[in-house]
Structure formats: C-alpha cells, structure tokens
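Only the shape, not the letters, is given here:
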C-alpha cells in the first residue's frame, strides 16, 4: 500500500503546530475535531483536512490575544482578552 494516506499522530501534529501534546488533545476536542480520526483509543489526524485548516488561516478561539486600546495616554499593549474582558 504505497499510496496509502498517512495519518499524523498527536506528536507529529504538535511538532507541526509548534504546541504541546496536551494542547493538541485540547484542540482535538474543539477546533480540530473535524480533522480527528479515531482508531480505537488512538487519535490520528486527517492530513488533507488539517492542511486545509492551516491554509485557511487556522481558527479563532474565544479569549484570544488582541491589542488593547491605550488608556489615559499609556502605550497600547498586547493582552489576553480573558483577563481584560471583565473590565
């Protein structure tokens, strides 16, 4: 089966996305769910769907990073929305 589709492992996806294995498992339950292929208890990823997701610019998560507006002449800073949302 030389033309068989190779399904990347969690470690391979973590390396590709430059994130931890734990983060890949978290993303597999959310934004990457459409790319997940389950083989028993193993999780693999559909490479074409994964590449399409990367090529489309990825996905946005609630509480992502943003540039906050300066307050009283202070410099604009990059902060996490989750920490500034309650203000």
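On my side now, so go ahead. Source: prediction; values computed, not measured.

leaving aside the residues next to it on the chain, what's closest to residue 44?
Sequence neighbours aside, residue 7 is the residue nearest to residue 44 in space, at 3.6 Å (criterion: CB to CB, 6 or more residues apart in numbering). C-beta coordinates here come from the backbone N, C-alpha and C atoms, glycine included.

just residue 47 next, same as before
Nearest to residue 47 is residue 8, by CB to CB, 6+ apart, at 6.0 Å.

pretty sure that neighbour is in a strand, no?
No - Residue 8: not assigned to a strand; according to DSSP: H, G, I helix; E, B strand; the rest coil it is coil.

residues in contact with stretch 31-43?
Applying CB atoms under 8 Å, 6 or more residues apart in numbering, the set of residues contacting stretch 31-43 from outside is 7, 9-10, 13, 24-25, 28, 44-46, 49-50, 53, 58-59, 61.

Can you pick out the ones from those that are in helices?
Judged by DSSP state H, helices contain the following of the contacts of stretch 31-43: 10, 13, 24-25, 28, 49-50, 53.

Just flag the most distant two among these.
25 and 49 (17.3 Å; CB to CB).

which stretches of this protein form strands?
Taking DSSP state E as the criterion, the chain carries its strands at 36-39, 42-45, 65-68, 77-80.

taking the mean pLDDT, what do you get for the third one?
In other words, strand 65-68. The pLDDT scores in strand 65-68 average 57.

Please tell me the pLDDT value assigned to the residue nearest to residue 44.
Reading off the model, residue 7 has pLDDT 95.

doesn't residue 48 make contact with it?
No - taking CB atoms under 8 Å as the definition, residue 7 is not a contact partner of residue 48, at 10.5 Å.

What's the separation between residue 33 and residue 49?
Separation of residue 33 from residue 49 (CB to CB, to the nearest Å) stands at 10 Å.

Please consider this matter closed, and thank you.
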